[in-house]
Structures are given as structure tokens and as C-alpha cells.
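Just to be clear, the model below is a prediction. Sequence and coordinates:
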Amino acid sequence: MSESDGPVRVAVVGGHRGSGYGRALDSLAGRVDLTAICDLDPGVVAGWKETRPALRGFTRYEDLLDSGVADAVFLATPMALHAPQAVAALDAGLHVLSEVIAATTIEECWALVEAVERSGRTYMLAENYCYMRPNMLVRQLAEAGRFGAVYYAEGAYLHDCRHLGYTPDGALTWRGELSRAAPGNVYPTHSLGPVAQWLGTAGPTAADRLVEVTCLTTPNLARRRYAVERFGADHPTAAAGFFTKGDSATTVLVSERGSVAHIRVDANSPRPHNMTHYALQGTEGAYLSARHGGEDPLIWLDGRSPGVSPGDAAWEPLWAYADEFEHPHWRAHGAAARQAGHGGGDFFILRDFAAAVTGRTPPPIDVYDAVTWSSVYPLSQQSVRERGRAMAIPDFRRAAAGRARGAAQRPAAPAPAPVR
């Protein structure tokens, strides 16, 4: 397929979550054409067709893959389905845009990498937080060297989602079941994706890579309190030990060159809404994201911002550098992106995916970054079970290069290995 072939025909898989991309899909009509919807619930499919009657509707994923009505699938299904559904689509000759996370086990990570290499199709992770305006601006500054050598970054996803773990009658949703079974960091990529890019550990030309991960979690207190208040003290989820996942997970990643990324995920603690928290430190500057909607993100650059450090150094708004360092995406398409969700990210992931498919350019978040960031999910669980032991992150990209030369094979035992 070339750019002259016209728009990418996309099928959304997962009608509930997929509906959040409606505005972005509409704004990209002619570049991305929505041709089909697939959901297990016939009522969800019918709801989509009420406003988009030309859509083909499917309740079986296999029927969609065999239909020929789409060039690509956009997976907006529960996380545990992403990797097997992506592999099936790639093997069927379709391109894949997948919501986060890409995979939930190390075995799935390897299977996904191999499916992409085997199929030759485009795979991209839809990590929309990488595309938020301040995150892209900070990346521009970091890649231009304005922070000096960067060596520490923070990312946090802080969002009280306890209600999403239950159906109205108190049964567990897939999110609730996930928290019951997984003790570690179950949602790492919103926090990790942007900071991995800032630290220079992402992409095929990266000079550094993330090599180990450690995770610790708090007790499960806020979630149990919520269960008692909503369903009563006798509800099964109010019992101590029912959920293996603690309320808050703190994860530390170390790169080959010694840079540190500190990420936190907390979807259980009661607090004002603040899905994003980021920080960056380099030898010549620092960054702090806004704590809430009423604040500006802040930056201090040695020799450019007010004052000196140590001394009278003073923060200034990040936007003071927008004229010079605004990312080209936001400079050219900011108005359209602001109308979509997740701070513009929903618009840009679809736009970049279409460019990767039709222009045959590398996807900005390829399968190797996708599985590296997603591997935090299973590795963090193992780390928690071993009381915070550091776990080695596989070098998925190097293994792929070795296979291309005929000199390396997939590891026989892909289970996480502790760092001694």
C-alpha cells in the first residue's frame, strides 16, 4: 500500500472504549475511514450503526478478520485480549493499532514481536499520553539538548477508578478481576511512555535502553473501604487479601547507562482527578508538569531561565518555549487535535498510524517499544512477589536484529530473570 492508495480502512474492535475515538476518527476522514465495528454485544454494534449506518457490524472477531472490509484493526478491547487479537490480525494480513498495554506476559511479548516480523505489517501502540502537547514539547527540548544530559524522570497515572472495577450489582468487571490477580504495576505505559522517550531509551536509533525493573506496592486499604461503603462489609471484595494488587504501585526502572525512571500507578486512592504527573531532571535543567488544570507546567533551564542554581533559580511556564520548540505535530494540527480526546493524543495516534501504513514509514511507537514498556506488567508482578527484587527486561529489539542476521533465536525460557 502506498500513499496514493487512499485512506486506511479501519475496523474498531471493542465498541465501548472505541467510541471515545469518534471525534478523532471524524476529523481524520479521508485519511482514516472507519468501515466496521466489532463487539461481542449486538446492542453495542447496533448503537454504532444508528449514527454510522454504512458500517459493517460484527460480533465475532474471526468473521471480521475474514471479511476483507478493513486494512487495519484498532484494538480497544480489554487488555488481556490485545496481544492474541493483534497476533491474529497480523497473521490475517491486517495492520494493527493497539490500545495499551500491548501484552500481559513475557511470552505474549515475544509472540507479538515475532508476528510483526513474520507478517511485515505495521504495528503501533496507541499510547496517546506520548502525544500530549507538554510531553511532546519537553521531548523536543530534551532531544535538542536543552536539559543537558538527562538522567532522571518521573511519571505517574493517578486516577480514582474504583467504580470501574464493579458492575452495578457488585460483580467484578474485567478491571476488577485484573486487580484481583495481578499484584504489580498493571497500567505502566501512560507513565512510562513519555519519560522513556525523554530519557532516550525509545526508538530504533536510541543510544540507551531500559534493562531492569523493580516494583513495590502498598496495602489494599482504599479499595476495601470503597467496597464496604458501596456494597457492605460482607461483600467478598471487602475482605482482606481478596485483591492481590495494592492501592498504589511504585516502579523504578534503570537504563543501561544508569538513568532512572520512577513511575507510579494509583487507580484506587481517593483524590482529585489528576491523571498525569511528570518530571524530568538533567545536568542543565528540570521540568515539572502541572498538578491540576489550573496550573502551568514549569521549566527551568540553566542560562535561559531566571536565576542560577544554587541560588535564586526560578521556574517559568513551559509555554515560554513553545514558539521555539513546539513539536511540528502541534504546530500544524493543534487546533484539530484539541477537539479530540486525551489532550490531543487520540488524534495524533490515528494520524501517525495512517502515515505509517500508507507511507510505509516506521510507526513512532513500534512493536519493540510497545513490548518493552508493556513488559513492566508481568515483570513488576514478579518483583512484588519477590519483595522488590530487580527483574531483567528482555532486549526485544536486539533479539530481532539477531534473528534478521540468522544469528539469534528467541530465548527458550522467556520467564523474567532476577538481576543478581
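Perfect, thanks for sending it. Numbering: from 1, shown residues only.

low-confidence ranges in the stretch 251-400 of the chain?
400 (pLDDT under 70).

Which parts of the stretch 101-250 of the chain are helices?
For the stretch 101-250 of the chain, the helices defined by DSSP state H, counting those that start in this stretch occupy 106-119, 133-143, 174-181, 189-198, 222-231.

Please name the residues that touch the nearest residue to Gly47 once chain neighbours are set aside.
Nearest non-adjacent residue to Gly47, counting by C-beta to C-beta, 6 or more residues apart in numbering: Gly15, 7.2 Å away. (Each C-beta comes from the backbone N, C-alpha and C, glycine too.) By C-beta atoms under 8 Å, 6 or more residues apart in numbering, the contact list for Gly15 reads 37-39, 41, 44-45, 47-48, 76.

which of these sit farthest apart?
Gly47 and Ala76 (14.6 Å; C-beta to C-beta).

Compare these two (neighbour count), which wins?
Neighbour tally, Gly47 and Ala76, criterion other C-beta atoms under 10 Å: the higher count belongs to Ala76, 22 against 17.

Is the more buried one in contact with Ala24, as I believe?
No: with contact defined as C-beta atoms under 8 Å, Ala76 does not count as touching Ala24 (11.9 Å).

Show me the protein divided up by domain.
Following automatic domain parsing, one finds the domains of the chain at 3-128, 129-327+367-420.

And those domains, which one averages the lowest pLDDT?
Of all the domains of the chain, the segment with the smallest mean pLDDT is domain 129-327+367-420, scoring a mean of 91.

now that one, how far from the chain's geometric center?
In terms of C-alpha atoms, centre = their mean, to the nearest Å, the centre of domain 129-327+367-420 is found 9 Å from the chain centre.

helix or strand for the residue lying farthest from the centre of the chain, which one?
Within the chain, the residue lying farthest from the chain centre (C-alpha atoms, centre = their mean) is Gly311, at 38.3 Å. Remark: Gly311 resides in no helix or strand, with elements defined by DSSP states H and E.

Next one: it relative to Asp352, how far apart?
Gly311 is 42 Å from Asp352, where distance means C-beta to C-beta, to the nearest Å.

got it, and Val195?
19 Å.

Which one's more surrounded, those two?
Val195 (29 against 20).

and Gln281, what does it touch?
Per C-beta under 8 Å, 6+ apart, neighbours of Gln281: 147, 150-153, 287.

where along the stretch 251-400 of the chain do the strands fall?
260-266, 274-282, 285-288, 298-301, 316-317, 391-392 (DSSP state E, counting those that start in this stretch).

Near Ile106, how many other residues are there?
With other C-beta under 10 Å as criterion, Ile106 counts 25.

actually Thr51, sorry about that
9.

same deal with Arg225?
Arg225 has 15 nearby residues by other C-beta under 10 Å.

From Val265, how far out is it?
19 Å.

ChimeraX command to pick out the buried ones of the contacts of Gly15?
Here is the ChimeraX command that selects the buried residues among the contacts of Gly15 (16 or more other C-beta atoms under 10 Å):
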select :37,38,39,44,45,47,48,76
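
can I get the contacts of Gly15 in TSV with secondary structure?
Shown next, in TSV, are the contacts of Gly15 (DSSP: H, G, I helix; E, B strand; the rest coil):
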residue	secondary structure
Ile37	strand
Cys38	strand
Asp39	coil
Asp41	coil
Val44	helix
Val45	helix
Gly47	helix
Trp48	helix
Ala76	coil
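
Just give me the closest of the contacts of Gly15 to Gly93.
Cys38 (16.6 Å).

mind listing what that closest one touches?
11-15, 45, 57-61, 64, 73.

switch the cut-off to 7 Å
Cys38 makes contact with 11, 13, 58, 61, 64, according to C-beta atoms under 7 Å, 6 or more residues apart in numbering.

try Val100
So Val100 contacts 125-127, 189-190 (C-beta under 7 Å, 6+ apart).

quick revisit: among the contacts of Gln281, which ones are buried?
147, 150-151, 153, 287.

nearest to Tyr377, of those?
For the buried ones among the contacts of Gln281, the nearest to Tyr377 is Ala153 (19.4 Å; C-beta to C-beta).

quick one: Val10 and Asp63, what's the gap?
Val10 is 17 Å from Asp63, by C-beta to C-beta.

between those two, which one's more packed in?
The residue with more neighbours, out of Val10 and Asp63, is Val10; 26 against 11, by other C-beta under 10 Å.

hang on, the earlier thing: pull up the gap between the residue farthest from the centre of the chain and Asp302, please.
11 Å.

Tell me which residues touch Thr276, please.
129, 289.

I'd assumed Gly30 was in contact with Arg351.
No: checked against C-beta atoms under 7 Å, the pair Arg351 and Gly30 is beyond contact range at 11.5 Å.

Those two - which one has more neighbours?
Arg351 (21 against 9).

re the thing from before, most neighbours, which of the contacts of Val100?
Thr189 (31 neighbours).

That residue contacts Ser375, doesn't it?
No: using C-beta under 7 Å, Thr189 is not in contact with Ser375; the gap is 10.4 Å.

before we move on, back to that, compare the contacts of Cys38 and tell me which has the most neighbours.
Val13 leads the contacts of Cys38 on contacts (other C-beta under 10 Å) with 29 neighbours.

So what sits opposite the closest residue to that residue other than its chain neighbours in the bridge?
Residue nearest to Val13 in three dimensions, not counting chain neighbours: Cys38, with 4.6 Å by C-beta to C-beta, 6+ apart. Following DSSP bridges, Cys38 is listed with bridge partners Val13, Phe58.
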